[in-house]
Structure formats: C-alpha cells, structure tokens
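> predicted model and sequence follow; I will ask about them next.
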Protein chains: 4
Amino acid sequence: MIVKMKPKTTEKQVAKLINFFKEKEIEYLDISSDEYHAFRLEKTPYLKEIRAFDEVELVLPLTKRFSQISRENQAEDTVIKVKGKTIDSKTFSIIAGPCSIESEEQLIKIAKTLKKNKIGFLRGGAYKARTSPYDFQGLELAGLMMLNRIAAEYDLITVSEIPSADLIPLFEEYVDIIQVGARNMQNYHLLKALGKATKPILLKRGFGATIEEWLMAAEYLFVHGNRNIIMCERGIRTFETYTRNTLDISSVLAIKELTHLPVIVDPSHASGRYQMVEPLSLAALAVGADGIMVEIHPEPTKALSDGAQSLKPSKFTTMIEKIDQLLPLFDKKR
Amino acid sequence: MIVKMKPKTTEKQVAKLINFFKEKEIEYLDISSDEYHAFRLEKTPYLKEIRAFDEVELVLPLTKRFSQISRENQAEDTVIKVKGKTIDSKTFSIIAGPCSIESEEQLIKIAKTLKKNKIGFLRGGAYKARTSPYDFQGLELAGLMMLNRIAAEYDLITVSEIPSADLIPLFEEYVDIIQVGARNMQNYHLLKALGKATKPILLKRGFGATIEEWLMAAEYLFVHGNRNIIMCERGIRTFETYTRNTLDISSVLAIKELTHLPVIVDPSHASGRYQMVEPLSLAALAVGADGIMVEIHPEPTKALSDGAQSLKPSKFTTMIEKIDQLLPLFDKKR
Amino acid sequence: MIVKMKPKTTEKQVAKLINFFKEKEIEYLDISSDEYHAFRLEKTPYLKEIRAFDEVELVLPLTKRFSQISRENQAEDTVIKVKGKTIDSKTFSIIAGPCSIESEEQLIKIAKTLKKNKIGFLRGGAYKARTSPYDFQGLELAGLMMLNRIAAEYDLITVSEIPSADLIPLFEEYVDIIQVGARNMQNYHLLKALGKATKPILLKRGFGATIEEWLMAAEYLFVHGNRNIIMCERGIRTFETYTRNTLDISSVLAIKELTHLPVIVDPSHASGRYQMVEPLSLAALAVGADGIMVEIHPEPTKALSDGAQSLKPSKFTTMIEKIDQLLPLFDKKR
Amino acid sequence: MIVKMKPKTTEKQVAKLINFFKEKEIEYLDISSDEYHAFRLEKTPYLKEIRAFDEVELVLPLTKRFSQISRENQAEDTVIKVKGKTIDSKTFSIIAGPCSIESEEQLIKIAKTLKKNKIGFLRGGAYKARTSPYDFQGLELAGLMMLNRIAAEYDLITVSEIPSADLIPLFEEYVDIIQVGARNMQNYHLLKALGKATKPILLKRGFGATIEEWLMAAEYLFVHGNRNIIMCERGIRTFETYTRNTLDISSVLAIKELTHLPVIVDPSHASGRYQMVEPLSLAALAVGADGIMVEIHPEPTKALSDGAQSLKPSKFTTMIEKIDQLLPLFDKKR
C-alpha cells in the first residue's frame, strides 16, 4: 500500500499520520521525496481511516503501480498544448526531421518540406546517443541553436533529445518539446529532473522495456510534477533481425486503455527501413495512435546517421497525401 | 551453391552432370529428394557451364535460401483460387470462426453471422494443439465433418488446422484450405507431405520463428509441389506479456517484399485480447496485408478455448463495417 | 479442476461418476483419451466426494498444470535404466556423436573415441530437421541402420532424433533412446504416439518454449504412458546473436526443483561454437545437470551439418579429463 | 575507417593530416572529442600513408567497433588493483552485500559475515534505480557515508551504484569501485564522465543489450580515459519468466575471447531466486568467470528490495565453502 500526502502538507500533519501508524502498529516505510510525503505500508485493515486523513491525497495498492497517469485517475484524454498546436487524441500529430542536425542548409531544406506539407513539428538530434564512441556524436549546442533559429524562421515547433539533466536549462531555452531517448527511459535521475521542467516530454519506450516499465517511467515524470507527457513507441528488441526493431503496434492500444496520455509511433527507428515508413505510419493511424515521428533527410545516403531509415522529401510528401485521405475516416485532423 | 534439376530428368542426364563435376574436380553433395535431383557444390568457376546443361532448372547461391517463393523467381503476385473466391493482393480476404468447433448450434450461429456480413471463409479447429494434455483437445473427426456439413449448407469455404501427415487424406476430403499451426511450422515431415496435397496451405508463422525460417518453411511446401501458400503472421514471442504475443506487423511488409505469396494477419492470437482485434485488423489492412483471420464465438465467456480473444458477432459486424469503409482507399475489395 | 480416472475403470464406474456430476449440477467436459477417462470441471464444493470415488486416480487444480511429472507426485528422482546403464541424478551421463551420420568410417572413428574415453552413449542424426529444403536431409533409414550396427559392435547405447510418429516402429527396432527435436517439442501428435513407445525419450526444449511449456510436453509423454523422460536444455532464442542460441542454464535448476525427471544440457546447439563446449559442459556439471550431449566429428570443417559447433576427438578427450577431475566434488559418477 | 590521433597532438599536426585528406580527395568527418582528434573516413587506398603520419595513434575499420578493449589491442589480461587486492583472471573475486543499505546494524552484520568468510568486497546500494517512483529509493548520501564508515572499520573494499554524473565527486570520495547499473549502461553522458574518474568501474550489462553494445559501453569508458573496467553479466531479458532474467552464461566466454577485461557474474539479479544463487555461482566459476557479485541480507524477508534473491549469511557461508573446494581445480585463488 502506498499513502501519498498532498504537496504542501505541514510537518505537523505528517506527524499526526505517523502517530496513527504507530498507535495501530502498522509497519511503514517513509518513501517521501523532495516534493511530497509518502509511505509504504504493510497490509492493514485501517485503510478507510487513513483515507479519511485530511492531507492524504492518494492511497493505492502496490499492484496498481502507475496510478497518476491511469485512466482511473483521469478519465478524459490529456491534451498537450504547445505554441498554438495541440497533441491529443483528436489530432494526428506529425513530427518530422533529420536524425542528426548536420548543417543549416540541411535544416532549411527540411523546414521547407515541412511547411509545404503543413507539418508543424520539426525534430532534430543535436546530442546523439551513439552505440559507438567513434560514431558522430552530434553538433551539440551549435546544433541546438541552429534548430532553434531555423524553427523560428519557419514557425515550427521543435523536438530534440536531451542527454543529461544538467542540460535542462539549455533545452528549456532552445527546444519546445524535450525528448527522452530509448536508452535513457530508465535513467531515473533524468526523469526526476524533467519532472520539474516546464516543457512537455516526449518519452520514448526503451527497446528492452515492458509496457509496464514504460508507464512507470511516465509515472516518475508525472509524480515529480510534469503532466505533459507524450508516449512514443519505437520498436522493441526481439529475436527478429530483418527489421532493426520490432514495432509493437499493440502497445499503442495498451497505452490508450491504461492511461490518459497521448501516444505516437516512430516507424523509422522501429523498422530501420525507409520503405516501411509509409505503410507503418498508415497502420499507426489505423490502430489509433495520436501521431507519428519520422526521419526525413534531403539526401538519405549522405546522412551522418540513420540514412537507411530516412525518407526523401518527395516520398514524405506522398505519405502525407495518403494520411490526409485517411484522416476523416478516423475522425482525426492534423 | 545449389543445383536443382528439372523434375523428370532422366538418370542418364543426371550422370552426365555428375561426370562434369568429377571432370572439373568440383566437390558436390547429392541432396536429391523423391521429386527431383539436386546437388550442393563448393564454390566453382564453372557456373555458366553448369547453368547451360539442359536439365538444370535452377542454380542458386546458398545465401539466397528461399528461391522458389522469391520475387526474383516470380515478379507477379500469386493468386490462389478456391471455390470461386481468390486470395491475392487485390483482395482483403476475411476468414472467421471459432477457435474450437464445439457444436452444430455454435457453428450455425457463426455461419449465419458470416453470411450476414458476406464473409466467405469459415475457420474452425477440430484437432487442437493444446499446451496442456488436460485441455480440451477438439472434437476431432466429428468436428471436421460438422464443419464440412455446415459450410456446405451455408456455402462457405473452410479452413482447419491439421495435426499430422497421416490425416492429409481426411483433410483433403473435408477441408478447403489446410492450416499448418504455429507449433508445427518447422515440422518438416508434415511440410513435405503437404507439398503433395492438392489443397492450398495456410502457413502460420511459428511464435519463435524468424521471417527467414518462416519463408524456408514455405519453400519446403513449394519445392515439394504445393504452390498455393498463404502466409499468416500471428504474433511472435517477446519479453512483453501484456499481450499474448507481439504482433510483428512489419513482417507483412517483409513477406510482400521478398516473396510473391499472399500474407494475412491473425490479430486474435497475436494479441490474445478481443478489444484489440478491431484496431489491429484495421492496421493490417493499412499496412498492406491481404486479409485477416479472426476468432469469433457466439458466447466468448463460454468458449472451450481462447474465449478472451474471441469477438462476439455484434462486434464482428461493427468491425466489418469499418473495414468496408476503408477498402476503397487501399484499392482492395473483399 | 481435472478429474482423472484409473486406466482400467469400467464404463459402469464412469457412468456413476457422471451421474454424480449431473445430480450435483456440476458442469463438466469429457476430456478422456484412449488410455483413460478424464473430465474438466467447473469449480465445485464437492471435491472431497469426488476424490472419494473408488476409481478416481487424481483430482488436480487447473493451475498446477504438470502434475504427473511434478515433485509433489513423486519425491524421489526418476532413474532411467537402459541396457545396463542409468540416467539419473547420481550420474553425469555423457552422450556424444556427430550431428549427422555421414558414413561408416565417420561413425567408427567416433565410436573408438567414445570407447577410449569410456563413454556409453552414441548420438547420431539420421533424419535431419533442416531449416532449408536444400540442406542435407540425412541418410535416413540407411543412417539409422548404420548407427545401430556400429553401436552394437562397440557396445554403445544409441540416441537419434525421430521426425514423425509413423517411424516409431523403426526407431523402436534400431535406437535405444528416441530424441524429440526442439522443433517438434510441441508436435503433440508425435508426443502422444511416443507416450506408447517402450524406449526412453530425450525431450529437447523448443528454442521458443518456456520452461512451463517444456514441462507440459513432458507431461503429454507421461500421461500417455511413457515415464522414461530425459529433459534436455539446448538454448533458447533471444536477441543475442553472438551465440547461436542462449543457454538457459538456470532452467536446469527449475527442472530439478519442479520435477523428478533427469535433465541434461546440450552445449553444442546452445552456443553453436566449439570453443564454448568445454566450459559450458563444466558449468552444466557445476549447476547440477545430470549429463551433457555434445557433438563431435573427426573433421569438423568437413561436416555436412553443424561443423562449427563440433569438437574434434582430441579436444573431446581433454574435456572428459576435466570432467573426471570435477565429478567427485559433485558426488557424481559417470 | 576511424583515424584517431594521439592525445597531445598539436593543431599544426592535425592541420597537416587534414591537408593530406583534401589533397587526396578523401571525404572525412571530424569526430574529435575533448580528449583527442579523430576522423571518420570513406574508404581510401591511402591507408598506409595515413598510418605513417607521426601523430596518428590508431587506424581502425568501422566493423571492428571495440578496438581499445580488444584482445588484438592488448593480449594479456587486464589486472585491476584496488586497495591491495586484485581483480583479474587468476582470481575469483567475490563481492557481496545487501541490495539496499538500510541501517548500520544491517551493514555491520553483513560486514562480519564477510570477514568471517575472508571476503574482501562489500557492495551496497545507496541510490537505488527503482522501476516505480513509489518504491524505496535508497538512503542516498547517508547510505553512502554509512557504507564508507563500516567498510573502513572492517577493512572492506566498497562497490556502489552511481545514478548520475554529478555525483562522481561524492563517489570518488566514499566508494572504491563505482558501479554502472544495467539501466544506465547506455547512458553515454555518464560513461564519458566516468571515463575521467580515477576509480575502477563495474559495468553491468543492460538487460536489453547485446554483447556488442555492452563492449561498446566499455569502449566509451576506455576511450575517455578509464582503463579499469570490470564487466558484469547479470542476466538478459527473454520470454522466459520463471527466472527474473535469463543468465547468459556464454557471454562470459565471449568477453574473455574478445577483450582483455575481467568479467564477473551476478547470479542474484540474473535469477531473482536465492535458491539458484549457489549453483549459478559454481557454474560461473566453472565457465571461467573472474568472480561473482551476490546479494546477502541478514533477514531476506524483511529486505526493502530484492529479498527473494538475497542469501542468508548461513547459506552464503556454505556457498563459500563449496567455492573454496573448487578453486584449485580451476587454478584460481581468491
């Protein structure tokens, strides 16, 4: 059993609750954080009494591990507002851009493609999490500033991946939506810090993470104060090697069923093959996802990373046309 | 290198080829089967000469392991004709029915639901492959005959899973499409025997099988004489346990890319949850699958097997309506 | 709830039990097999009464799915006797031989290596389950007879994999221990038929099978009459590709904990690398396995199958010496 | 191709190399880090000339991705010295302690058990990476200081997991070996920072990470300056759920084959079951691991985390006795 008190509970009220535990011989463990007081209890018959305490916000069984982001806690879908656009269940949000920011020229070409197709979100990696220390690690701050500058010029909302908590102030300044990469999904230090960030978080699923662990990562963000969370399925690691990862398209349904958060799909990383991006995007729409995030590049064969899974602008445009034909049938706009 | 000779090659012509191997000191291994002569060779510079032999049908590198079912071997999509209907890339074939055949009454209710929705294919398990010896093992022959009788009455095409090669004559008599279950996908004895069957084969992917192994299983059927193969993705086994299996929707794209065979999706086994069947079916259509196979049951909670993943007739009807709305956008009929 | 009656129960006694079900309005499903009568029941308060029926052998909850092979059912370890040797928990049984039987010359060389090292069991594949239809499929009957002949000459006990139920009479004649391959572990038709075989069964774990499913496959054999079952862990399929499979060494402990059956390890298929065979064999002994099955070949580079994982005779001899040093420390002989 | 220059190369020498690239029209990408200059090149025939440049330290193909930690780079095994003890291939290092540091009393009891058994390394978690935000997050700094104090008193070497780069100064002060947890194995920000730490790093394998990715994480540490790396296999995530993870015991062999680094096994996390810890530890020794890390707790059932996988002191003592019997047979001491 978890007992969570309201954020501004006074020490006196906390002491009162603890006294009650002692009086009734309820074994408890203090699991308070900087933001709130909380306790883990052994099973007790005094649930009703504990719930009745004024400052107790939440009493939840340990089996129901993600409580704040759950449907039970909030029936209606979360609507995330960012610079005049919304990410929610009535919209099919399309986020596109290069894996790595390489140059102004590259970003401008992509920004133009986005505007032509009325796409509002530009993604681009500045700090790259690369498996090899010898791979291109990104343009770092220069890239972030470049992204910010071009996005402002073309009126685009930006998404970029954060590598560590110490860069939060920088990301708060230059980026509109902060991405947590798959490899950092269980970097709890980062999640706790981002809980206090003011920008929405795009939380990628770890490739080795279960749906439950992914939800718990979102719960970390939520409990620590950030309620604007966009879940992003990007494929899991299985024995199959034909695709880079295995897109777990059913996870979209699980997220919609269990939580009130929006969920999008990244078909580029899931498949690792540009030929699969369009059909998987259409499948994402059909299954009920709230959007997609895809990699595009003016010249995929010259990309410094992920060229094999990046769409050319022309193929991207064709894909958007197909999506637009389907949207009305799924009661979505974009 | 594999050298395969034409089916009716005479012994004399075979001897001529073997002589050539000996003359040129090419190491070879005889891998002939009952149907044809074939040899595995070490690398040789005499490829052109070998190809030039009259009765040599195929010379293929060992890396290209599924050759007969490959796009290179046949560019146009295979069209499977069965009792006036076709299963092919221009059609979205819908196969539905109970996991297990339980009674005439049950089958009649389902047959009526199918006719109402203009569905042409009735599936039903008579010989059940159950993990536990204590689980219901199916009505066996009685079930098969029941299926055949009701299908005839309602003019439906039947699909049922075969448990072993010795039942092929029975299945040839009572069933229109013979299903190879996931657990038997690498039962090569069964595959070889079904190569000589006259009925089309619905080949389910093993839950632990790679796409390549699945293709090789199809190649077994093809090489042994049966060219009417329908591939069926039904989910693979991963670390995720929220769903019964993980639907590998990208595998549909791989099959379409690599082979000329039709491929369908089984969202019922893939998810194990009836709530997911409709959205996953729409996703299958959107990704480019040639059909679906779904489990329906008049009273899912009373089903002897797989109740949790079976649709009620009313939900099935709703799903078909949505599919019908989408079909024109994907240039498919059903 | 499963109710299983004794094998020779009369129809009259069965009718009596069924009457009791009807009287008490207990819903039941007849799941009798050719060998015994059995019923699956809905939850009922009349358990005690049912257990009291004379001919009821077993009443077991559905959650306890492998009951006959369980420790609860038999506390002491099963001892399998075959031609004067035993496979059991006090012995470390070593089975060795080629992946595929290729020639008399090959088998004789291996038989001599075995005798030199006082190994009692010779394995050899005659009917090969190969992923590709173009791979060497084995010498079939000729191979089986060759194995039998050489084994008789050198006084060895033979192990060979059976591809299908129709070959049981042949295997009964020529082979001492019948192997069920990983790909056939859930071929229930084969398992049921082997339940009636008189020879012990070596049951390999399917590479995509959970421990529970593997146990259920053993339960099939046991329930259908064959109590001489040797479990064999041979690696499972995971995302790791450095080794052919991932040896699940902990599964040995699970089998020993849950069942009374002996369990051995196949380090050759598990790793796919001959360099790993010795250390993994030592690990198998250390963890508590009752033996190993390894592939050896006089000239691994010329093997028609699995050369990369086959030990040369000299390396095999070195390994046996190390095992012999360790045996006393684990209270095992061989 | 990767070209890496020596750490203190002057700008002039770098310019000279770049000029050579331009002259010969070799396309290159600057991938220099703070510590050294490096370039990624397209294929070029001028390899010999590039290698001949004075300040070029390393030219390596892109396929050979972990070069510094590879056997090719250093044939002899790495020996890690810490406070008078060594972790290397001639020793079987045993690290033991509680999952979470809970109290002085708990630590003292464990320290006494260690001394009694002549164990030199005490592990204990102060900053816990917990899947749920509601789980006990560790005593944090208080725990770290407690660990340091008790270890000093009992002359033990400490191991504790670091949650983020900003705590490196604290860990440098209070801990002897810094552990990177499985969930942070691909937290490259942390790895880069730890590359500059002076303390040895115990690098746990991510539960979803391939052996290659794990090696690349070690390469990050090495390239950034820290050569004292202990690899730790702790189980990977597979479809099997009987154990918490699947111990990939073969990975020990892969690490020994490919690198010069020591590798140990954590049977507690791998299995999640205390009953399996002893036999898996013996298997680790038998397979050739350089040590183990196990969880012990005075009263496992009261542990705040991982109680089910923690050994009682008495069982730990029994295990150490068995290990001591085996050590001479494997030419190891401890």
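Sure, I can see it.

> do I have it right that A:M293 meets A:D266?
Yes. Assessed by C-beta atoms under 8 Å, A:M293 is found in contact with A:D266 at 4.6 Å. For every residue, glycine as well, the C-beta is placed using N, CA and C.

> more neighbours, these two?
A:D266 (29 against 25; other C-beta atoms under 10 Å in any protein chain shown).

> what about the residue lying closest to the more buried one once chain neighbours are set aside, neighbour count?
Closest residue in space to A:D266, ignoring its immediate chain neighbours: A:R234 at 4.0 Å, by C-beta to C-beta, 6 or more residues apart in numbering or on different chains. By other C-beta under 10 Å, the residues close to A:R234 number 22.

> same deal with A:I168?
That count, for A:I168 with other C-beta under 10 Å as the rule, works out to 18.

> please apply the same query to A:A303.
Residues lying near A:A303 (other C-beta under 10 Å) number 21.

> over to the one 4 residues further on?
Each residue near A:G307 was counted by other C-beta under 10 Å, and the total is 16.

> quick check: the gap between A:K8 and B:V175.
According to C-beta to C-beta, to the nearest Å, A:K8 stands 70 Å off from B:V175.

> tell me which of these two has more neighbours.
Each of A:K8 and B:V175 has its neighbours counted (other C-beta under 10 Å); B:V175 has more, 23 against 9.

> which ones are touching that one?
B:V175 makes contact with B:144, B:147-148, B:158-160, B:162, B:199 under the criterion C-beta atoms under 8 Å, 6 or more residues apart in numbering or on different chains.

> okay, the residues you listed in TSV with neighbour count and distance to chain D next?
Output for the contacts of B:V175, formatted as TSV (neighbours: other C-beta atoms under 10 Å in any protein chain shown; distance: C-beta to the nearest C-beta, whole Å):
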residue	neighbour count	distance to chain D
B:L144	25	33
B:L147	27	33
B:N148	18	37
B:T158	24	33
B:V159	27	28
B:S160	26	28
B:I162	27	26
B:K199	19	33
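
> how about those in TSV, adding secondary structure, pLDDT and distance to chain A?
TSV is the format used below for the contacts of B:V175 (DSSP: H, G, I helix; E, B strand; the rest coil; pLDDT from 0 to 100; distance: C-beta to the nearest C-beta, whole Å):
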residue	secondary structure	pLDDT	distance to chain A
B:L144	helix	97	32
B:L147	helix	98	30
B:N148	helix	98	34
B:T158	strand	98	29
B:V159	strand	98	24
B:S160	strand	98	27
B:I162	coil	98	26
B:K199	coil	98	29
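
> quick one: which of the residues you listed is nearest A:K333?
B:V159 (40.1 Å; C-beta to C-beta).

> what sits against that closest one?
Residues near B:V159 by C-beta under 8 Å, 6+ apart: B:95, B:97, B:121-124, B:175-179, B:202, B:293.

> and A:M216, how far from A:S67?
With C-beta to C-beta as the criterion, A:M216 and A:S67 are 11 Å apart.

> hmm, I typed the wrong one, I wanted A:H297.
41 Å.

> show me the strands in the stretch 201-334 of chain A, by range?
For the stretch 201-334 of chain A, the strands defined by DSSP state E, counting those that start in this stretch cover A:201-204, A:229-233, A:263-265, A:291-295.

> using TSV, lay out those strands together with mean pLDDT.
Supplementary listing: the strands of the stretch 201-334 of chain A in TSV, determined by pLDDT from 0 to 100:
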stretch	mean pLDDT
strand A:201-204	98
strand A:229-233	98
strand A:263-265	98
strand A:291-295	98
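
> using CSV, lay out those strands together with distance to chain D.
What follows is the strands of the stretch 201-334 of chain A, written out as CSV (distance: least, C-beta to the nearest C-beta, whole Å):
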stretch, distance to chain D
strand A:201-204, 13
strand A:229-233, 13
strand A:263-265, 19
strand A:291-295, 19
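
> could you dump the ones you listed to JSON lines with distance to D:P45?
Output for these, formatted as JSON lines (distance: least, C-beta to C-beta, whole Å):
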{"stretch": "strand A:201-204", "distance to D:P45": "41"}
{"stretch": "strand A:229-233", "distance to D:P45": "44"}
{"stretch": "strand A:263-265", "distance to D:P45": "44"}
{"stretch": "strand A:291-295", "distance to D:P45": "33"}
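
> counting contacts, what elements does the helix or strand of chain A with the lowest mean pLDDT pack onto?
Ranking every helix and strand in chain A by mean pLDDT, DSSP states H and E puts strand A:56-60 at the bottom, with a mean of 76. Contacts defined by 3 or more C-beta pairs under 8 Å, 6 or more residues apart in numbering or on different chains; DSSP states H and E place strand A:56-60 against strand A:2-5, helix A:47-52.
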